[in-house]
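Undergrad: sequence first, then the predicted structure:
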Amino acid sequence: METYGFIFRTPRHTFSWITDTRYFDELSSYYVGELLIINVVRLTPGAPIDHLSLPEAKGIIEEIKPKTAILTHFGMTIWRAKPWELAQKLTMETGITVIAARDGMRFDLAQLK
């Protein structure tokens, strides 16, 4: 399955969005920026579908080292594990602010200073 992500560059910030994809070693090198938005469908790797899992997302966050990472596009395994708690745990483990997206959420890029 072919998939595409996005990189947005403003005069002050660069942020990227990793959409549905299978993990591959070079993935993080394409999405370097201060803000990372990442689709995380699965709690554990190995799904029969090409989507990222929480451990894979953690590795990507650790490699890119954005100022903030926002997890989104949760599958049921993530929902059952409470994504807001998973994000808080990732913040503690990585030292990077990780937020679980929610409906209607807004993020002010000024927070990246």
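TA: Happy to help now that I have it.

Undergrad: distance of residue 22 from residue 106?
TA: Distance from residue 22 to residue 106, counting by Cβ to Cβ, to the nearest Å: 30 Å. For every residue, glycine as well, the C-beta is placed using N, CA and C.

Undergrad: and for residue 10?
TA: In terms of Cβ to Cβ, residue 10 sits 16 Å off from residue 106.

Undergrad: next one: residue 90
TA: In terms of Cβ to Cβ, residue 90 sits 21 Å off from residue 106.

Undergrad: quick one, what contacts the residue nearest the centre of the chain?
TA: Nearest to the mean C-alpha position of the chain, counting by Cα atoms, centre = their mean, stands residue 38 at 2.7 Å. Neighbouring residues of residue 38 by Cβ atoms under 8 Å, 6 or more residues apart in numbering: 17, 18, 52, 57, 60, 61, 69, 70, 71, 72.

Undergrad: hmm, residue 109 is touching residue 10, no?
TA: Yes - using Cβ atoms under 8 Å, residue 109 makes contact with residue 10 at a distance of 7.2 Å.
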